[in-house]
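**Q** Fold the following.
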Amino acid sequence: MPLQMRSRRSIWLGMAVLLLVACTATPSTPAPSTSAIVGSSSTLTPVVPSESSSPRSAIPQSTAFPLVVGYSAVSGAFLPLWLAQEAGLFAREGLAVELRYAGSTALASALIAGEVPIGVIGGAEIVTANVGGADLIMVAGVSMRPVLALLAPSGYSQPTDLRGKRVGVSRIGSVTYYASVIGLRRVGLEPDRDVSLVQAGGVPEILTVMESGGADAGVVSPPTWFEAERRGYRTLLDFTTLGFDYPQTVVAVRRSYLAANRAVVAAFLRALVAAHKLQREDSALALRVLRQYTQMSDENVLQRTYSAYRDSFADHPVVPVAAISPLLTLLATETATTPVTPDQIIDNSVVEEIKVRS
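**A** Next comes the predicted model:
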């Protein structure tokens, strides 16, 4: 059931409390394994079984290192992760990766608790977690620009037509939530005052809430963006034209996990970098993987999703300070907490290390 959002300060503080509670368990760093998520099946969901045959150049399962990796949305922004799995790139690095899906805040909590060693997640969630005292850090960037759009039924022609209306986002503290706040302000709409933000649960669910009348518009990413257009919705605002960097998708770990398992993180990132290159070179494979994980069947929607992200994944995936600056500014102006600094939440050292060795 969608939940209308109230004061942004109370939302920030509520997220901080939630994540502080997750931190109080202070779990030890577990050896990454498929058993690490036992008891969390309600929030961490296995992906759809692979349609592919045995991965190319796969290392036998008995010699591979088991690693649970979570991801936080069904969006084209996660294509490199899915592609690395289906093309056997993780196996080539000696990793037996099990992908698990969880909503953004659930995945952040699972990372903090040590239930998931590595997460591919929105950068906004990592910033929020640090407000609550977590030791989560971004170790690589996947998509460092906001590939998002504000959509509404065809009766609306411009963003300001939404004054007094409801805009759907995925969850409090998510990438779509904070991008909505930043993007709506760019066009003169103040969340809480001019529009209400409504949480739907996930990106595809935003469209479902719009279809059911629970929201008048929504901020979504591909393929949901293009599926909504196919159903007759109009793009009122393309966030890629607004001129700000944004950590839409990053790789995150606990700082303590990185210290104890640096080689594992490096192997994971090498596979992800290889997937960045592969998705440009093998469009047929990339489209098949998108179809498999998003469960979208419309070929035009899939092709547009692939094109939207094709060049947004960097071969040298550092997290630039500029990409998180809008979030840090928002945090500093809207909460009474001590602002976090880039050094607290970014560690590009492993990315730099694998570049030197490649």
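
**Q** who does the strand or helix carrying residue 271 touch, helix- and strand-wise?
**A** Per DSSP states H and E: residue 271 is located in helix 262-281. Secondary-structure packing of helix 262-281 (3 or more CB pairs under 8 Å, 6 or more residues apart in numbering; DSSP states H and E): strand 65-71, helix 79-86, helix 89-92, strand 95-101, strand 136-143, strand 249-254, helix 283-294, helix 349-357. (Glycine included, C-beta is placed from N, CA and C.)

**Q** Can I get the shortest one as CSV, trimmed to CA atoms?
**A** It stands for helix 89-92. Taking C-alpha atoms only, helix 89-92 is exported to CSV below (Å, rounded to 0.1, in the frame of the first residue of the first chain):
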residue,chain,number,x,y,z
LEU,A,89,32.7,-13.4,-15.8
PHE,A,90,32.4,-13.9,-12.0
ALA,A,91,33.2,-17.6,-12.4
ARG,A,92,36.3,-16.6,-14.5
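
**Q** quick one: residue 242 and residue 187, what's the gap?
**A** The gap separating residue 242 from residue 187 is 8 Å, by CB to CB, to the nearest Å.

**Q** Would you mind listing the buried residues in stretch 63-72?
**A** 64, 65, 67, 68, 69, 70, 71, 72 (16 or more other CB atoms under 10 Å).

**Q** now do stretch 184-200
**A** For stretch 184-200, by 16+ other CB under 10 Å, it's 184, 189, 191, 194, 195, 196, 197, 198, 199, 200.

**Q** ok now the helix or strand in which the first one is found, how far from the chain's centre?
**A** Element membership of residue 184 [criterion: DSSP H and E] is helix 175-186. Shown here is helix 175-186, whose average C-alpha point lies 15 Å from the average C-alpha point of the whole chain (CA atoms, centre = their mean, to the nearest Å).

**Q** Strand partners (parallel or antiparallel) of the following helix or strand past it?
**A** Next along the chain after helix 175-186, taking DSSP H and E as the criterion, comes strand 196-199. For strand 196-199, the paired strands and their directions (DSSP bridges) read strand 3-4 (antiparallel), strand 166-169 (parallel).

**Q** Of those, which shows the lowest average pLDDT?
**A** Ranked by mean pLDDT, those bottom out at strand 3-4, with a mean of 44.

**Q** and among the helices and strands packed on helix 262-281, the most buried is which?
**A** strand 249-254 (a mean of 28; mean count of other CB atoms under 10 Å).

**Q** Could you check the helix holding residue 271 and say which residues are buried?
**A** Those would be 264-276, 278-279, for helix 262-281 by 16+ other CB under 10 Å.

**Q** Quick check: residue 70 vs residue 234, distance?
**A** Taken as CB to CB, the span from residue 70 to residue 234 is 34 Å.

**Q** list the contacts for residue 143?
**A** 77, 248, 249, 309, 312, 313 (CB atoms under 8 Å, 6 or more residues apart in numbering).

**Q** Spatially, which two of the buried residues of stretch 184-200 are the most separated?
**A** 194 and 200 (19.8 Å; CB to CB).

**Q** can you list the buried residues of stretch 63-72 in CSV and add distance to residue 175?
**A** CSV is the format used below for the buried residues of stretch 63-72 (distance: CB to CB, whole Å):
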residue, distance to residue 175
64, 31
65, 29
67, 24
68, 22
69, 18
70, 15
71, 12
72, 8
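
**Q** What is the nearest of those residues to residue 254?
**A** Looking across those and measuring by CB to CB, the closest to residue 254 is residue 70, at 12.7 Å.

**Q** these two touch, right, the closest one and residue 112?
**A** No. Checked against CB atoms under 8 Å, the pair residue 70 and residue 112 is beyond contact range at 11.8 Å.

**Q** Quickly, which of the helices and strands packed on helix 262-281 bottoms out on average pLDDT?
**A** The bottom spot among the helices and strands packed on helix 262-281, by mean pLDDT, belongs to helix 349-357, with a mean of 89.

**Q** Now do that one: everything it contacts.
**A** 139, 140, 258, 262, 265, 266, 269, 270, 273, 316, 317, 318.

**Q** between it and strand 249-254, how many degrees?
**A** If you take axes from the mean of the first three to the mean of the last three CA atoms, to 10 degrees, helix 349-357 sits at 110 degrees to strand 249-254.

**Q** Tell me how this structure divides into domains.
**A** The chain breaks down into these domains under automatic domain parsing: 3-7+146-241, 27-143+248-306+317-335.

**Q** least reliable of those domains going by mean pLDDT?
**A** domain 27-143+248-306+317-335 - the lowest mean pLDDT of the domains of the chain, at a mean of 83.

**Q** now the domains of the chain as CSV including distance to residue 341?
**A** Formatted as CSV, the domains of the chain follow (distance: least, CB to CB, whole Å):
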stretch, distance to residue 341
domain 3-7+146-241, 18
domain 27-143+248-306+317-335, 8
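
**Q** Of the ones you listed, which is nearest residue 347?
**A** Taking these one by one with CB to CB, domain 27-143+248-306+317-335 is closest: 4.9 Å.
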